[in-house]
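[1] Prediction below, plus the sequence it came from.
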Amino acid sequence: MTEMSELNQAAHTEFHPRWYRKRLSTWWWLGEWHYLVFILRELSSLSVAWFVGLTLFQLRAFMRGPDSYGRFTDTLQSPIMIALNLIAFCFIMLHAITWFNLAPRAMPVRVGGKRVPEFLVAAPNYVLWIAVSAFVAWLLLRTS
Amino acid sequence: MEIRSHDILLVGGGGAGLRAAIAAAEVNPKLSVAVVSKVYPMRSHTVSAEGGAAGVAKPDDSLDEHAYDTISGGDWMCDQDAVEAFVKEAPLELLQLERWGCPWNREPDGHIAVRAFGGMTNKRTWFAADKTGFHMLHTLFQTTLKYQPITRYDEYFVTKLLVDDGRVQGVVAIEIMSGKIQAITAKAVILCTGGCGRVFPFTTNANIKNGDGMALAQRAGAPLKDMEFVQYHPTGLPFTGILITEAARAEGGYMLNKDGYRYLQDYDLGKPQPTPVLRSMELGPRDRLSQAFVKEDQKGRTIPTEYGPVVHLDLRHLGEKLINAKLPFVRELCVKYQNIDPVTELIPVRPVVHYMMGGVSTDINGATPMAGLYAAGEVACVSINGANRLGSNSLPECLVFGARAGHAAAEFAASQKAPNGSVWTQATNEVLRLEQQYLHKTSGRERIATLREEMQKTIEAGAGIYREEASLKQARQKIQELQERFENVGLDDHGRTFNTELISALELGFMLDVAQSIIECALYRAESRGAHQRTDFPKRDDQKFLAHSLVRRSSDGSLSVDYLPVKITHWPPGERKYGEGSHKASKQTKVS
Amino acid sequence: MADKIVLEIARYAPERDDKPSFQSFEVPLRKEWVVLDALNYIKDKVDGTLTYRWSCRMGICGSCGMMVNGEPKLTCATFLTSYGNNATVRVEPLRYFPVIRDLVTALSDFLVKLQKVKPWLIHPNQPPLSAGEFLQTPEQLDLYKQFSMCINCTLCYAACPVVGLDQEFVGPAALALAQRYNLDNRDQGSAERLATLAHPDGIWGCTFVGECTRVCPKHVDPAGAIQQYKLTAALDWVKSFILPRGHKDAPQETAHD
Amino acid sequence: MSETPKKASNEGFLWLLFSAGGVVAAILIPIQLFLFGLAFPLGWLPQPSYDHLVYLMSSPWVRLYLFVMCSLPLFHWAHRFRFTLYDGLQVKHLNEVIFAFCYGGALVGTVLAAYLLLSI
Ligand SMILES: Cc1cc2nc3c(=O)[nH]c(=O)nc-3n(C[C@H](O)[C@H](O)[C@H](O)COP(=O)(O)OP(=O)(O)OC[C@H]3O[C@@H](n4cnc5c(N)ncnc54)[C@H](O)[C@@H]3O)c2cc1C
Ligand code: SF4
Ligand code: F3S
Ligand code: FES
């Protein structure tokens, strides 16, 4: 077997054919639908960071008292914040759904030696998700 | 020119080649072992074997029964000493493969599972779903990766054996990727190049099965044995020739003619039962089933299609669950390549060239009559397959005789001196030949594909399932003519890098030689036995022909045929009987 | 149905060309024809210099992988008619591999990676053959069976962007095959394989794009294999953190130990 | 490929954090972001009063919940973003800088969250 470096020469010489290598373009993820979805999924992490940042500011405002917190909630009502949060929300949903659907791949569940179909493994994720969401909403909305 | 040297050189990286390589490496880790293969080893055609590998595994079975099935299946053309060694070592080899990680199907308790197979008295076919060959080849290939002394020459095409002093001392090979032609010398060469199905127009065999090794050996001076015995498999998909494994019948599939009638009952193959009966009806041997097809066709009871007449294989009554569990690949192939779902539809099938019983003549250790030359696998004829191979005997044959050849070659190599310089001249001449005849020649007028098609048509017409003197003579004439036209072959491609057209041309040259040998042997065998059916001599003739044909090529290219008696140890020639109760025969016919 | 179809085929002759270009061929469109049949037609009848690999024509040898209209495919299992009437079908060599000529890619690198993950059964001190087979129940077989189906066609490499970005990445098929042995109850080599696998060029290089699994013609699910292995390797790390000294990958017991 | 098992182990740890963060982000963030970012500001649902929030925040469980909701997702972000930069922009040569930026950021965020939640 010949070493690769030996073969990958700049010029063609007899018996040492040069191989054609194409460099991947920086925009490789634009060329194909599947790749684009992947990159969007990965970029959802920015929305995660955005949300945590926002929450930290919210906590700071909360800590400083009702006025400060009021100013914070006012800011959230500005169209630009609404737009940003809407985008962030879409990305977060993309993350959540892809996450729930892919999880069973990483952790196959077997019952009686047979692999449980992926949608059945994913189902409890969704149930948990809905339950937790409902509980959080209930806590927040309870007395107001 | 560059010369590389090894102790042992394998030509071929299929089941037989890889098994032999490991065997040689294990005999003596100091030996340098090389595997030369025209495709990456895991692409070898062993990969496509589906059904399984036979080896006695269960207490209710016996070596004698396996031997008897093999011998009677081969119409008493098998060398019985070889068969005895084979049935004894097959289970050990299959077990060895298990130890290397082969994912054999299992019983619920964790032991190996076995299934029934055509022509076998008992269940003794080990299987890995219906991808047995695939799993065996990949297990072997992956196992060779751990042996340091094994050097691989992947995608090197062997064009010639180097012979000096009557001893084979290496090969000349083209590195396909670069076009570099080089000599690789060795103290012993083992041919494991597989079969030659591509000589025929309609075959289950891959594009790489061109009988290279047979032609290489014959040109070097070694005789080929029993070349007239070409196996047709009764169930190939029309157009593609893709094989529907015998396992489909072993699991209970029916063969139906155009009236939906299980026609095999008309051909001495037993009475139809709803469930499969060993050695009966659909589980009869391949030669009989393929011959029955021709007879049905003559009676006008087949179904005509664009790709020739077909009959139907019916799996519908087996149900989706069984088909998915035991025959998933069959279903996949039907859906993907024929657009048919066997769960609900009939599968159109017709006989298809499948296997070469004959090959390079070897003894029980894989040694050919030429010093330093060994052969194993489909390319070889040790004579365990006789006139008709039983399904699932070929994979274990690759293992058993691959290992034996590996051991024998390693021992031989230990006592040999390194090859001498005179092979160098031969190698240089070979380079000149390749360049002048193909690469640099611009005057050739004949197209490879045209010659190939004509050859395939000729051999099918002359030496198909049924043969006769007139058709054989005509075919012989025609192939001779094609040989001459081949001298005038012209390539479009004169480049060095990955010149697959050059390879095709060389393969065509090999195939023409093989076709000639098949016809020659078929012409001289004036009897009918197993896969060789002469309409002009419909009876078996043990008086004259209980003997192997040996066909040699002299330096002027002419062929000569002579005979070698069949070795009989315990099972005197008898009548092949199939149908109910026939399996009891095996216990009665052995004499000591 | 139109009875012709146009194939746009990438051509590259290293003796002559600096980079590949496309050449069009018109071929008959037949119902049973796969892309490979069209290539064979061209090679036999039109242009003998067209270069590609193939062998079994039944989707099992793994040699005929190419990009067909931008997707990695086994050309012997891809019907021309699936591209519709009067279509143009673009055939290119598998992406991310160096091209040797026309549609032929260099595989040597893949083989080096394959060897590196030790895809063979590791079981020191095997009992003699006479002790019989290692026991393995159908359930235990089922644990790894899917990952043993790989035909080394390298379609998954042509699908995985990480392969394109990082030449050192071991890649989906090799990782899946390593996991095939790790999950085999007869194997005791997972500790030996760990260094190569739990490595930035091994499983940690994979960002779960998942394309490998989508294109795999044999349903091997390399993506799943890799994620499962990530979990094992990470938990292994936790174990070694909690039990820094005594920790050792305990070999799995088999029937004969 | 050089053998650097030590680094390999760290990757395992970072991946565990990434995964844990991914789960938390998938389960907790959608509802939070929906309520605070969209439903309340747009008046689809009534804002919880400041007092109600004070009441909720008085529970250590709620504070723990908020801590987890901030910290783990940050490590999730750090891991994913690091690879997005490597792959999407092909800037693997800036390896160390990116590494420091991502996980450093997550650490800072975690400390901030802890500080805020403890000082309320
Ligand atoms: C579709 C199908 C199904 C089958 N099913 C079964 C079954 O169920 N059970 C069973 O027992 N048998 C079965 N068989 C038969 C069995 O698979 C083969 O006989 C056996 O695999 C042959 O193995 P081999 O090692 O001899 O050759 P192959 O696997 O064909 O390998 C030949 C090797 O030689 C190399 N080679 C050839 N020529 C050259 C050259 N000139 N230079 C360099 N290298 C060269 C090739 O590259 C290749 O590596 C089946 C066969 C087919 C076609
Ligand atoms: S994992 Fe699938 S796609 Fe990848 S090489 Fe194996 S069979 Fe081909
Ligand atoms: S596509 Fe590549 S990134 Fe991972 S999941 Fe498959 S190997
Ligand atoms: S030719 Fe073998 S997989 Fe396509």
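    Perfect, I can see it now. Ligands and ions are numbered 1, 2, ... in the order given.
[2] Quick check: the gap between the residue nearest to residue C:81 when sequence neighbours are not counted and residue B:332.
    Taking C-beta to C-beta, 6 or more residues apart in numbering or on different chains, and ignoring the residues beside it in sequence, residue C:81 has residue C:31 as its nearest neighbour in space, at 6.1 Å. All C-beta spots, glycine's among them, are computed from the backbone N, C-alpha and C. Counting by C-beta to C-beta, to the nearest Å, the gap between residue C:31 and residue B:332 amounts to 19 Å.
[3] Compare the two (neighbour count), which wins?
    When neighbours are counted by other C-beta atoms under 10 Å in any protein chain shown, residue C:31 and residue B:332 differ, and residue B:332 comes out ahead with 17 against 11.
[4] Now tell me which helix or strand of the chain has the poorest mean pLDDT.
    No chain in the question, so chain A it is. Least confident element among the helices and strands of chain A, by mean pLDDT, DSSP states H and E: helix A:4-7 (a mean of 39).
[5] try again with chain B
    Of all helical and strand segments in chain B, the minimum by mean pLDDT, DSSP H and E falls on helix B:585-588, at a mean of 50.
[6] Looking at the chain, which helix is longest?
    With no chain named, the answer covers chain A. For chain A, the helix with the greatest residue count under DSSP state H is helix A:33-63.
[7] not what I meant, chain B
    Longest helix in chain B, counting residues (DSSP H): helix B:500-524.
[8] quick one: that one near chain A?
    No. Residues of helix B:500-524 are not located near chain A by C-beta under 8 Å from any C-beta of the partner chain, the shortest gap being 14.1 Å.
[9] Show me what that helix packs onto, helices and strands only.
    With contacts defined as 3 or more C-beta pairs under 8 Å, 6 or more residues apart in numbering or on different chains; DSSP states H and E, helix B:500-524 has these neighbours: strand B:156-164, helix B:212-220, helix B:448-463, helix B:469-486, strand B:547-553, strand B:559-565.
[10] Could you pull up the mean pLDDT of the helix or strand following it?
    Next along the chain after helix B:500-524, taking DSSP states H and E as the criterion, comes strand B:533-534. Averaging pLDDT along strand B:533-534 yields 96.
[11] chain center to strand B:533-534, what's the gap?
    How far strand B:533-534 lies from its chain's middle: 20 Å, per C-alpha atoms, centre = their mean, to the nearest Å.
[12] what's next to that strand, contact-wise?
    Here strand B:533-534 makes contact (C-beta atoms under 8 Å, 6 or more residues apart in numbering or on different chains) with B:287, B:291, B:465-469, B:522, B:525-528.
[13] How about stretch C:77-91?
    Counting by C-beta under 8 Å, 6+ apart, B:336-337, C:1-2, C:4-10, C:22, C:24, C:29-39, C:59, C:66-70, C:75, C:103, C:217 sit against stretch C:77-91.
[14] From those residues, list just the buried residues.
    Neighbour counting with 16 or more other C-beta atoms under 10 Å in any protein chain shown marks B:336-337, C:5-7, C:9-10, C:29-30, C:32-39, C:59, C:66-69, C:75, C:103, C:217 as buried within the contacts of stretch C:77-91.
[15] Show only the entries of these found in helices.
    Among the buried ones among the contacts of stretch C:77-91, the ones falling in helices (DSSP H) are C:35-39.
[16] Okay, strands next: where are they in chain A?
    Ranges of strands in chain A, per DSSP state E, are A:110-111, A:114-115.
[17] still on that earlier bit, out of the helices and strands packed on helix B:500-524, indicate the one that is most buried.
    helix B:212-220 (a mean of 26; mean count of other C-beta atoms under 10 Å in any protein chain shown).
[18] and it, does that touch chain C?
    No. On the criterion C-beta under 8 Å from any C-beta, helix B:212-220 is out of touch with chain C, staying 13.5 Å away.
[19] and that helix, C-alpha only, in PDB?
    What follows is helix B:212-220 as a C-alpha-only set of coordinates in PDB (Å, rounded to 0.1, in the frame of the first residue of the first chain):
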ATOM      1  CA  ASP B 212      -8.800 -15.500 -14.300                       C
ATOM      2  CA  GLY B 213      -7.100 -18.100 -12.100                       C
ATOM      3  CA  MET B 214      -8.100 -21.000 -14.300                       C
ATOM      4  CA  ALA B 215      -6.600 -19.400 -17.400                       C
ATOM      5  CA  LEU B 216      -3.500 -18.300 -15.500                       C
ATOM      6  CA  ALA B 217      -2.800 -21.800 -14.200                       C
ATOM      7  CA  GLN B 218      -3.600 -23.400 -17.500                       C
ATOM      8  CA  ARG B 219      -1.300 -21.100 -19.400                       C
ATOM      9  CA  ALA B 220       1.400 -21.800 -16.900                       C
END
